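J.: Quick one, structure for this:
(chains A and B)
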Amino acid sequence: MKPAPVKHRFFTPGVIILAVLALNGLIFLAVRFISGLGAVTNLDNNTPWGLWIGVDVAAGVALAAGGFTSAALGHVIHREHYHAIVRPALLTALLGYTFVAFAVCVDIGRFYYIWHPLIMWNGNSALFEVGICVMIYMTVLYIEFLPIVTEKFMGKVNLPGFLETFNEPADKLLRMLNSGLSKTMFIFIIAGVVLSTLHQSSLGTLMVIAGQKMHPLWQTPVLPLLFLLSAIAVGFPMIIFESLIASRSFKMKPEMKILSRLGSMVAPILGVYLAVKIGDMFISDDFKYILKFDVPAWMFMAETGLIIIAFVLFLSKETTRSPGRLFLASSLVIAGVLLNRINNFIVAYKPLYDPVAYFPSFGEISVTVGCIALLVLIYRAVVIYFPVISHK
Amino acid sequence: MKNLNRRDFLKTAALGAAAATLGTKSAKASEKLLSEDRLGVLVDTSVCVGCRHCEWACRLAHNMPSPALDYYSNPTVLKEFRRPDKTALTVVNEFENDKNPNLPIHVKIQCMHCDHPACVSACIVGALTKNEDGSVVWDDGKCIGCRYCMVACQFQIPTYDYDVSIDPHIRKCDFCTERRKEGQLPACVNICPNEALVFGKRSEILRIAKNRTKRKPDIYINHIYGESEIGGTSWVYIAGKDFNELKMPPLGKNPAPGISEAIQHGIFAYFVPPVTLYALLGTIMWVTKRRNESADKDKHDHHSDSHDHHSDSGRDPYRTSGHNTYRDSGHNTYRDSGLSTDKDTKGDNL
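T.: You can find the predicted model right below:
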């Protein structure tokens, strides 16, 4: 079983729907870049951050965590039977982070100054830490992906027309690159894991500074730890989720042997996450806020409930054996973590003076949905062209 | 650590002692930067009559479009609660006076110029700076428009230009830094006809504020807003009514960036934790690789001419099964049967 390009046509009815959604998002994006953030979003001086930061950036980073958890499992702890999932997870992380970086460019007012953090540093800023780590990690991800590109073209370089004479040098260059990469790859793999733990946790530090503008159910100094644990917890479910969808879409047999092994590791991580989350509530005595049964309370219960149900499901061996149940349990973890990020960045943020509570506009939702659709389309195109997915 | 209450302490301690000690260090370091002579303004809400001339002067001083001065005497504007925005860096709001309904209370709002500003701590590129003179100013040349300062500010002061795509600004009171360079007073202080605004050294205006509240307890409540709120602010307020009812946020005494910076410096701590983690992962990688390679070598020893055996964990079931097949049925059978282990366990290039 070796990774190989998937033999399947690109266009299906589903792909066309995704393309329409992507196009719709792009139209609103154009308006944002022509007329400013106010033209498309419901953001204002009371609510400076909305759906794009909460979902596209914060949830995007969390859901791309499969890249570093699988790299740690497959390459750092050398569990090589997991290699089949390393490449798809890497591709997800790569596209995920590219999507995050793009979303940041869309959300920040002066997108043309996106490079400023590279030379203008503020070590006190959690956002600076997140920004720098994400930039470096994205570079690392692209480096980690390079061998897949060299593998695709090595020995097959066939340039058109007069460029033909460069075929051999190009091939040599690819081989050099490939051997250089395989010797140094461990540096990047470890760097990727370290960078991920850093920025996944710092993403949690972000909202700590909002102080009392953040609802006490979420405001806690252990937020960085909770963000890191939930990112680790959602890594494998995300891989399982994607792998099962890809098998279904490309009509391949699901990799149940690997997926159920991955699934069996989810419950302990979720357990640790829940223990810290609920333990922190005892320390900070936050239960009184749940008893208010207002919107934040229900949202908090929803996010925690999803994770608890997923935890219970993953405890049972039955779940890890059946593709359907595995898919359900993994989806619950993903939904729980997604909701957690939405809660932390949107629901928990209570402006001091705001007559109207923020709710994302149609334009904001369109851009987010459009970007996700585009992401899926690019993923599909890449696995059809490059050797990413392992199949018989 | 003195500044944190017990619960915060417990929570912060959970992040590790390193975070806590480093947090204290950084808090001390930023205290040193604060000059004893830093400036401030006392806003005496009992003196302000709500003429809004400060709003007019502020716009003029900052080259912002403004209606003629006559417009500002229109009292209906005061009926709705307003906040600073891209058209005004300062606004005056009116509140009921329970003691004397004929004399409503007027509260001018603008940037408080915190002693430990959350916006300065938060800004990704350091576009916001706390100056020695107490002012907190924004740097047009650095700002990337991420609006994290707006998330961080405990007074919800910075505003953003949502209606432009190119060159949007973060706007807030700049303590008239330019005017003061030329030896002038801040525009609002300068124009205030009733001297509701007192400009001077922060220590001096605090002394005046204490004096007034002590001498006239019938007029003022015993609370100088900004004296200790989130570690102290350059602008301080005195009033005859609870500041909550004047829509000033109730804030504790801890500087807003305290916990966040303690965590941040705890995670980094001169790069010790990341480098340690890197070294640890590197060691694990090396050890597991060696273990796998020795297991692999072991395999090669057993069937010396078997080719293309990839490194594989000793716990892997395929290895054991392949091994048994080989032992039971002999070398040739194994090769011919096509049960090559690399089919199942071949690693990729990474």
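
J.: closest point of the stretch 1-150 of chain B to chain A, which residue?
T.: Nearest residue of the stretch 1-150 of chain B to chain A: B:Gly145, at 2.3 Å (Cβ to the nearest Cβ). Backbone N, C-alpha and C define where each C-beta goes, glycine included.

J.: and the closest residue to that residue other than its chain neighbours, what pLDDT?
T.: In space, B:Gly145 comes closest to A:Gly109 once its chain neighbours are excluded; the distance is 2.3 Å by Cβ to Cβ, 6 or more residues apart in numbering or on different chains. Per-residue pLDDT puts A:Gly109 at 93.

J.: Same question for B:Asn332.
T.: Looking at B:Asn332, the pLDDT reads 38.

J.: Burial check on B:Asp44, number of neighbours?
T.: 22 (other Cβ atoms under 10 Å in any protein chain shown).

J.: just checking, the residue nearest to B:Gly145 touches B:Tyr160?
T.: Yes. Shown here, A:Gly109 and B:Tyr160 form a contact pair, counting by Cβ atoms under 8 Å, at 6.4 Å.

J.: intersection of neighbour lists for these two?
T.: A:37, B:145, B:147, B:168 (Cβ atoms under 8 Å, 6 or more residues apart in numbering or on different chains).

J.: Would you verify that the last one is located in a strand?
T.: No. Following the definition DSSP: H, G, I helix; E, B strand; the rest coil, B:Pro168 is coil and is not counted among the residues of a strand.

J.: what's the spatially most central residue of chain A in contact with, if anything?
T.: Closest to where the C-alpha atoms of chain A average out (Cα atoms, centre = their mean) is A:Ala64, at 2.4 Å. Applying Cβ under 8 Å, 6+ apart to A:Ala64 gives the contacts A:92-93, A:95-97, A:100, A:238.

J.: Next, work out how far apart it and A:Pro387 are.
T.: The spacing between A:Ala64 and A:Pro387, counted by Cβ to Cβ, to the nearest Å, is 21 Å.

J.: How about B:Gln184?
T.: For B:Gln184 relative to A:Pro387 (Cβ to Cβ), the value is 70 Å.

J.: out of the two, which sits in the more crowded spot?
T.: It is A:Pro387, of B:Gln184 and A:Pro387, that has more neighbours when counted by other Cβ under 10 Å, with 19 against 13.

J.: my guess is that one contacts A:Lys2, does it?
T.: Yes. If you go by Cβ under 8 Å, A:Pro387 and A:Lys2 touch, sitting 7.4 Å apart.

J.: Tell me who's in contact with the residue in the stretch 1-150 of chain A that chain B sits nearest to.
T.: Closest approach between the stretch 1-150 of chain A and chain B, counting by Cβ to the nearest Cβ: A:Gly109, at 2.3 Å. With contacts defined as Cβ under 8 Å, 6+ apart, A:Gly109 is in contact with A:36-37, B:144-147, B:160-161, B:168.

J.: redo that, cut-off 10 Å
T.: A:36-37, A:48, B:143-147, B:160-162, B:164-170 (Cβ atoms under 10 Å, 6 or more residues apart in numbering or on different chains).

J.: Point me to the helix or strand that includes it.
T.: Under the criterion DSSP states H and E, no helix or strand holds A:Gly109.

J.: circling back: phi and psi next, for the residue of the stretch 1-150 of chain B closest to chain A.
T.: Main-chain dihedrals, B:Gly145, degrees, to the nearest 10: phi 80, psi 30.

J.: Which secondary structure state does B:Val137 sit in?
T.: Criterion first, three-state DSSP; result for B:Val137: strand.
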